[in-house]
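In: What follows is a protein structure lacking sequence information:
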């Protein structure tokens, strides 16, 4: 790593707009250095994740290019309902696509109404500005029918991607019919993956995929548990980053790195060493997912002398909870196992969805949180609608709640800071 | 100990000097593009041991002048309880913020709400609307109080409401009724925020907005309850900032 590799030929080959891409990486690197590298008492194990972020559009993309050259397929996703297990079983690499930055918004608004959430505008912006090397590396992009915003956006977006696009249908109730619909969607995805990769998904390959994904989740469960300690052994920003890298990295290497980080955190806890003194106000975040580089709210919270100890989020415990059973002698049985696990994800597109509020309260209690901040993206109807319900449920469980609605822009940072600081003053022990 | 509380707001900067829990003096000056200079001017020649900042300029001041700071939510809570020790629900309408705060019986904040990022429904909103109707502010307030009817205004956005007002005047709407309608719009919004909290009695209305008699009357009417207003509603947050030093000492010696 002494010499920096020049990735520009690779990016040019992928069809990226090099000038805009340079601008994006410039801002990303600067923001990362300011928010992450200035933190005190960071675990050494974060060095790996710092490296991943420094190479997020470099080495990891080169790995994808090499994987494709070796006959693997790359599958891009926007949602935790797309099972990585199936992609792995089809000799594929699964990557979460860029949707966390305010980039190319004006371009996106040529296709989308202004009152569309920032996450949808972001993936349009990345695509239209040609700055996402992951998107340009995909053989297949899977868009899922979750909220109305996303499913209608995919009607336009599907034609923009260079690889194939597939809309994955999803249920909106946790009924038997809903379960059958999810199974049908996973069977359709299986067929599409087999066709594109030219690889049949077998009992063995699917079991191997399930084990890989389970190992990844188990490492995340371990990390979540270790964050329950007071003083907190890792900052919320760093833990969020680990959750974000979950969607990009090579799964085995990632799992090993998270476990190594957890070993270190265990030693820290034994020594009562933390990122902030004991009794620092502890906060759980619940709500919309935060994709890289959406670090706005966590950086405000931890800048206000509080520490984030859990995330009820798709990029967090909602996305990683529960494992897939490995028992089964047929591919269909294993797909049933997938359905069993994925059907428990309490995404706000389901109605009713009361398990989410219960889970949020449970996370807050387990993490000994002093308060919960509900993070809603403006124009995200499902999560904004659920916010008051969740607020009541969590407050009646004895945990104070602050509700925040925001987007990816920086214009409201000072107003948010005032609210968050006032909330920290309110919950301080 | 002599403590100065500075509330660095968007429209005005407030200074309150407290000694031994007693208010010694206070002053309100307009804010400008250079809040730090305004603060320095307010402090020059003053005798004090400590200074505590609140308001949107608190970080700027705290950083450059090595002062302590606290949010306006907690500052308002402390200030109001000093003036009205039984207060449980607070409404503060300021220049660019409207806040509602719920307190427990001991005066600790249990819940609060603030308006979103724009100045909708704040003091600044009313200032802009007075200008749109060519009223000096005091006349705008009096016209709103005297009007027998209210011409309803739907938009809360300062920019949209201004065009709504201009269209209404073009249709020949009564200026005083519009003035009342604009006050009504602010009150509806504040009441909606209040109703998201556990609304307890002993409601106190403060901030620069509480100097507006039309707002005071309409809020009491909208809530159907008695609303108390401190004698100097605009300096409550600065007072709370000055008192926070003592309250901190008390809590740390518990």
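Out: Ah, there it is. As the structure is a prediction and not an experimental result, all values here were calculated from the model. Residues are numbered from 1 along each chain as shown, chains lettered A, B, ... in the order given.

In: What distance do you get for the residue of the stretch 251-400 of chain A found nearest chain B to residue B:81?
Out: Residue nearest to chain B within the stretch 251-400 of chain A: residue A:400 (7.2 Å; Cβ to the nearest Cβ). Every residue, glycine included, has its C-beta placed from N, CA and C. Distance, residue A:400 to residue B:81, by Cβ to Cβ, to the nearest Å: 19 Å.

In: Equivalent analysis for residue A:373, please.
Out: From residue A:373 to residue B:81 the distance is 26 Å (Cβ to Cβ).

In: List the contacts of whatever helix or strand residue A:30 lives in.
Out: Here residue A:30 sits within helix A:18-32, counting by DSSP states H and E. With Cβ atoms under 8 Å, 6 or more residues apart in numbering or on different chains as the test, helix A:18-32 has contacts from A:8, A:11-12, A:53-54, A:56-57, A:101, A:103, A:129-131, A:133, A:293, A:295.

In: 7 Å - rerun?
Out: A:8, A:11, A:12, A:53, A:57, A:103, A:129, A:131, A:293 (Cβ atoms under 7 Å, 6 or more residues apart in numbering or on different chains).

In: where's the dip in pLDDT among those?
Out: Least confident of the contacts of helix A:18-32 in the model: residue A:103, at 91.

In: I'd assumed that residue was in a helix, is it?
Out: No: using DSSP: H, G, I helix; E, B strand; the rest coil, the assignment for residue A:103 is coil, not a helix.

In: Quick check: the nearest residue to residue A:268 once chain neighbours are set aside vs chain B, distance?
Out: Spatial nearest neighbour of residue A:268, chain neighbours left out: residue A:233 (4.3 Å); criterion: Cβ to Cβ, 6 or more residues apart in numbering or on different chains. Residue A:233 sits 27 Å away from chain B, going by Cβ to the nearest Cβ, to the nearest Å.

In: Let me know the secondary structure of residue A:233.
Out: Residue A:233 ends up coil, using three-state DSSP.

In: just to revisit the earlier point, which of the contacts of helix A:18-32 count as buried?
Out: Among the contacts of helix A:18-32, those classed as buried by 16 or more other Cβ atoms under 10 Å in any protein chain shown are A:11, A:53, A:57, A:103, A:129, A:131, A:293.

In: Give me the distance between the host helix or strand of residue A:188 and the centre of its chain.
Out: Here residue A:188 sits within helix A:176-197, counting by DSSP H and E. From the chain centre to the centre of helix A:176-197 is a distance of 22 Å (Cα atoms, centre = their mean, to the nearest Å).

In: Contact partners for the residue most central in space within chain B?
Out: Against the mean C-alpha coordinate of chain B, by Cα atoms, centre = their mean, the closest residue is residue B:207 at 2.3 Å. Residue B:207 sits next to B:92, B:93, B:94, B:233, B:234 when contact means Cβ under 7 Å, 6+ apart.

In: what's the answer for residue A:228, then?
Out: A:309, A:366, A:367, A:368.

In: Specify the local secondary structure of it.
Out: coil.

In: Now the phi/psi pair for residue A:406, please.
Out: The phi and psi values for residue A:406, taken as degrees, to the nearest 10, are phi -150, psi -170.

In: Excluding chain neighbours, what is closest to it?
Out: Residue A:406's closest residue in space is residue A:412 (Cβ to Cβ, 6+ apart), at 5.9 Å.

In: again, but for residue A:45
Out: residue A:261 (3.3 Å).

In: what's the offset of whichever strand or helix holds the one you found from the middle of its chain?
Out: Assigned by DSSP H and E, residue A:261 falls within helix A:251-270. Here helix A:251-270 is found 19 Å from its chain centre; the criterion is Cα atoms, centre = their mean.
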